[in-house]
Each structure stands twice: as structure tokens, then as C-alpha cells.
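Asker: A structural model of the following input is requested.
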Amino acid sequence: MKVTKIVAILLIFVVLFPVSSCEDFDKMNEDPNNPSNVSSNYILTWVLVEMAKEYTKKGYFGESIAGAMQYTQRGTNYQAERVNNYQWSAESWETFYNLLRNVQIINDNSKKDGNKMFEGISLTLRAFLFGTVTDLYGDCPYSESLKANQGIYFPKYDAQIDVYKGVLEDLRNAEQIFGGSDIGDYAISASADVVYGGKSAQWRKFANSLRLRYCMRLTNKKADMSGAGVDIVADFNDAASKAFTENKDDAIVAYIGTTKDNSNNGGPLASANPPVAIKPCKTILDYLRDIKDPRFYRWFQPVEKKWDFDVTTEVTKTITTMLGEKYTVTYIPTTNTNLDTSLYVGLPMGLKGVDATAYNKGTEQLPNEEKSPYVSYMHERFRKNSDTYLRMEIIMYPEVEFLLAEAAAMGGFSVSGSAEEHYKKGMIASLARWGIASGSNGFDFDTYYNNTDVSYAQAANKIERIMEQKWVALWLNVEPWFDWRRTGYPDLKPGAVAVFGPAIPIRYQYPTPSQDPQYLVNYNVGVSHLVKSQYVPAEQTADHPYSKMWLLEGTGIPY
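Answerer: Numbers count the residues shown, from 1 in each chain. Model (predicted):
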């Protein structure tokens, strides 16, 4: 079940105010009005929405990772250095741990109430949240976290290998619970579960899809994980046949678009000013145009003013895309070969702020440089409160198919079907996710697929080809950054003015440390396990975006 208007009601009247009695929920607790004993149904709604929101925000088109993966760039001086030039700073993990505290309540309640459905859900969510934290930062509070009631206020930073081991154990246990013959005996409120409507079969697919994600994440560390008692290949093989099989399985939360809290980040309710300064990056725009990918038209708009060698006076034309959308474009005569005369123009990777604001405008003085009509805007849907194709995405079916394709291409895994079959399924599912099907709007998948730069069979490097299409399919998602760190693909080149040298960052810096001595002891242990790469200045701490966490140490990838 996807989000309905009840989410907005729950967020406003349940999360912000004391809980009131409800016939569906009062069976779960003796006193549903007591904030210390809140029904897991209420907590679940809040956790799912806020978790999806926070994870989606990490890949949001104005954020650092979207810049690093060359989906977007900033065409203004404001924060351009962070997105365009990788001047990353400390990142808070407060929201993740707030969510984990609530997930722990659900888990505690499940044990007290004997509700296996809530237990499986809490294990799945705990795995996702801790997994994301360690993916981003490295070592992190894990085994001693969430234990303030036991007097542990300064939890140690667990080794990353132990966190990943716990993540996979939680997912394995969740799979067993959801797959149990008695799971149907344990009901939860369908309206509280805004992702799957309380359907255990869907949660089982979700947990197994996450198992695939994390097993593949750890492929470069198989030997280490084996030493810790985790067989990555066996785990992957066990999950492969029980994961997502269609787009309807996606773990997503839709934007409602009625308040700031339930709207897309770029919409007017969430953003005081339309984010027109955020531009498509030339890297992905040119790549999609070159392979004639129709998702191009879902994501980008043509320039408002096009430099042109063939016109002698300004002329206004109506442009109709293959998806039937119409735009008005003014063609302007020029003989300047340094200008980009394309109908769609992306902002090159890694320009200085002053160069980004001036890019492709010629000598024209613009009243508002961030609204340059000579560079394409992101599609207008990204400036709406809600849209058919915008949603908060946790993990999707196309990702699963690309994971299976990669496993089949690597060898050593028991995957039903060939790498090419799964590669094709991933592409077709992604196209469908954006409302594009073969035979509609003049699009023919076979013609598209036979392009030398798309075809699996024609690829010299099969893994690189899979990762390129996965990069496209997971547009504005965090996962392609994790994939790039693990594989080095797609082969993205940093901008010329990257602040720490010709490389892309590989981790988040820990939150700004508290100066309490007890906090610093644990923080310093976590930092001591990081290995400085050649891009970390000698005088700076290892808590740096270019330091290697255990996951990347010794792999030689991405550098």
C-alpha cells in the first residue's frame, strides 16, 4: 500500500500531539494515551516516512552526493564549492539515531506483545538504518548505542565489519520471521504501514532485497566476512529468489504535497525559492542524449535561449519532445564557436562558482545569473510539491535486477538467468518507473538496446556496462555513490578545481565531535581506524572525506 492522505493526518495529529484512543490500535496497549507506552502502529508510520525522507534527502539533487555522482551541479556561487568542488564538511547522523531509537521501541514492544510481524519489521528497519550509517561514515556507535536507559551515554564506535555482520544477521532473522508459516497470525494496522499496508510477503521481499544490496556491498571483503562467520555468497544466493520481482514491490513513500513536511524538497511548500540554480550536470545529460535515452525528457528541459549558427535573426520556436511536452525556445544567432549551441545544455563538472554562473551566456548581462536561459533547467517536476514520478525511494526493483546481473557477470553466485537477462530487466523496469514503455511515444526498446554504448553483448567491460546503466536507473539516489566506491564505475572524472585534488570523496565526515572527554575517547578510536588516502593533506585529521573506511581499505578502488 502506498501513502494516502492518512499519512498527513497521522503526522500532524499523531506525531506532534499526544496519542488518542482508536479502535484499531487500543488493543496494542492498555493505555494508548500514555506517551511512554505508544502503540507501535503510530511509531511505525512516523519511522517509515521520516526514514524515507532522510535517505532520499542524501541523494537530493541539490546535495553533495548528487554533485559527486555528476547528476547535478550548482550554477551559482551559493554552496557551489560544496557540490561542484567537493568541499564537504561534517555531517550529522542525529536523524538516523532518532529513528533507531523509535525502531528499538517497536522491537521492544514486539517482544512484550509477542508480535512477530512487528519484530520482523523492526529488524529490517534497524538493518537498513545502521547499514546506511556505516555506509556513509565507517565505524559507528552500534552495540552500545540506544542504551541511555542503561547509563551508556557515550557508546563506543564499533568496527565496521561488526556492524555489517549485525546488519546481515538482522536481515537473515527478519527473512525467517516473515517466511514463517505462522506470520499471518500477527497483524498490524494496514493504514500504519505506509509502504506495504501490513503485508508480510512484501516485507519479506524488502528484507531479501536489502540482503542482496549488502552482500554485494561486501564482495571485496568476502574473506574478512568469512572470518567473522558470514558467508556472503551463501547469503546472496539464499536471498536472490525471494527478493523483488516487479516495480510494484518497490519500498517507497509518495509525496502528498499538502504541507512542507510531506512535499518534495524542491517544491514551493518546502523551498522558499524555486531551486533553479541547480542544473543538470553535463556528464549525465550528454551521456543520456548520446545513447538516445528517453528518460532524458523526464529529467531535463531544453534551454530557453539557444545559440545557433544557422539563424540570422532571433526566432522563437515551439519544441515538442518525444513524450509530447512542448517548450518555447528562442534561437539566437552567433558565430562564437566557444558557445554550446545544443538544445539541451548541461553544466560542466567542477567549475568555479564565478565560471558556473557565467557559463554559456556569452556577453549578455543577466538580471539573475542563476536563472541563466542558456543552460538547461531540471524538469519542472523537481520544483513541484508532488508529481506522478517523484517519490521517496528506499530500495527499488531495478536495483535488484542490476545486483543479480552483476552477480551473474562476476561468477561464483547461483543466480537463475543470465547477466544479460537481468541487465535488460533492470533497464526495462527503470524505464517503466518513469512511464516509458516500448511501443509508446515512438520509443522502441530493441533499437535503443542495440546501441553500441547500451548493449551488454557489445560491451568490452561487462561490469562497467552494468554499473553505467545502474547509475542511470538509480538517478538521484545514494546507492550509485556506494557502487562507484566499490567498483570504480561509472568512470567519472572530477572537476578541474576539486579542492583536494583530482578525486571524488569517499565518505562522510563524522558529526562535529562533542568536547566531552568521554565522547572524544570513542570518536578518536573511530578516527584511528580510518586510513588517509593520498588526497588527505598531511596536516589534517583522518576524519576526512578522502580517508578510507575498512570497507574500502586494501581494495585499490576507487583509488
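Asker: for residue 498, give me its contacts.
Answerer: Counting by C-beta atoms under 8 Å, 6 or more residues apart in numbering, residue 498 makes contact with 85-86, 350, 504. To be clear about C-beta, it is placed using only N, CA and C from the backbone, and glycine gets the same treatment.
Asker: again, only using 7 Å
Answerer: Residues counted as contacts of residue 498 (C-beta atoms under 7 Å, 6 or more residues apart in numbering) are 85-86, 350.
Asker: next one: residue 363
Answerer: Residue 363 touches nothing, counting by C-beta under 7 Å, 6+ apart.
Asker: by contact count, what packs against the biggest strand by length in the chain?
Answerer: Identified as the longest strand of the chain according to DSSP state E is strand 326-333. Packing contacts for strand 326-333, counted by 3 or more C-beta pairs under 7 Å, 6 or more residues apart in numbering; DSSP states H and E, involve strand 305-308, strand 315-320.
Asker: make JSON lines out of these and add distance to residue 117 and mean neighbour count.
Answerer: Listed next are the helices and strands packed on strand 326-333 as JSON lines, based on distance: least, C-beta to C-beta, whole Å; neighbours: other C-beta atoms under 10 Å:
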{"stretch": "strand 305-308", "distance to residue 117": "56", "mean neighbour count": "21"}
{"stretch": "strand 315-320", "distance to residue 117": "50", "mean neighbour count": "11"}
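Asker: can you redo those strands as a markdown table with mean pLDDT and distance to residue 138?
Answerer: Formatted as a markdown table, the helices and strands packed on strand 326-333 follow (pLDDT from 0 to 100; distance: least, C-beta to C-beta, whole Å):
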| stretch | mean pLDDT | distance to residue 138 |
| --- | --- | --- |
| strand 305-308 | 98 | 46 |
| strand 315-320 | 98 | 47 |
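Asker: compare those strands and give me the one nearest residue 525.
Answerer: Closest approach to residue 525 among the helices and strands packed on strand 326-333 (C-beta to C-beta): strand 305-308, 55.9 Å.
Asker: quick one on the thing from earlier: closest to residue 324 among the contacts of residue 498?
Answerer: Of all the contacts of residue 498, the one with the least separation from residue 324 (C-beta to C-beta) is residue 350, at 34.9 Å.
Asker: give me the low-pLDDT residue ranges for the stretch 301-450 of the chain?
Answerer: Scanning the stretch 301-450 of the chain for pLDDT under 70 picks out no residues.
Asker: just the helices in it please.
Answerer: For the stretch 301-450 of the chain, applying DSSP state H, counting those that start in this stretch gives helices covering 353-358, 397-410, 419-433, 445-449.
Asker: most tightly packed of these?
Answerer: Ranked by mean neighbour count under mean count of other C-beta atoms under 10 Å, the helices of the stretch 301-450 of the chain are led by helix 397-410, which reaches a mean of 25.
Asker: residue 509: which of the helices of the stretch 301-450 of the chain is closest?
Answerer: Between residue 509 and the helices of the stretch 301-450 of the chain, the tightest spacing by C-beta to C-beta is seen for helix 353-358, at 21.9 Å.
Asker: gap between that closest one and the chain center?
Answerer: 28 Å (C-alpha atoms, centre = their mean, to the nearest Å).
Asker: now the helix or strand harbouring residue 466 against helix 419-433, angle please.
Answerer: Using DSSP states H and E, residue 466 falls within helix 462-473. Per axes from the mean of the first three to the mean of the last three C-alpha atoms, to 10 degrees, the angle that helix 462-473 makes with helix 419-433 is 10 degrees.
Asker: gap between helix 462-473 and the chain center?
Answerer: 16 Å.
Asker: could you identify the helix or strand that succeeds it?
Answerer: Criterion used, DSSP H and E; the element after helix 462-473 is helix 479-487.
Asker: tilt between that next one and helix 397-410?
Answerer: 10 degrees.
Asker: could you check how far the closest residue in space to residue 88 that isn't next to it in sequence is from residue 456?
Answerer: Take residue 88 and drop its neighbours on the chain: the residue closest to it by C-beta to C-beta, 6 or more residues apart in numbering is residue 545, 4.4 Å away. Going from residue 545 to residue 456 by C-beta to C-beta, to the nearest Å gives 34 Å.
Asker: pick out whichever of those two has more residues nearby.
Answerer: Between residue 545 and residue 456, counted using other C-beta atoms under 10 Å, the more crowded position is residue 545 (24 against 20).
Asker: contact partners for the more buried one?
Answerer: For residue 545, the contact set (C-beta under 7 Å, 6+ apart) comprises 88, 505-507, 509.
Asker: which pair in these spans the largest distance?
Answerer: 506 and 509 (11.3 Å).
Asker: okay, the two: which has more neighbours?
Answerer: residue 506 (24 against 18).
Asker: now do the longest helix seen in the chain against helix 479-487, angle only.
Answerer: Longest helix in the chain, counting residues (DSSP state H): helix 116-137. With the same axes, to 10 degrees defining the directions, helix 116-137 sits at 60 degrees from helix 479-487.
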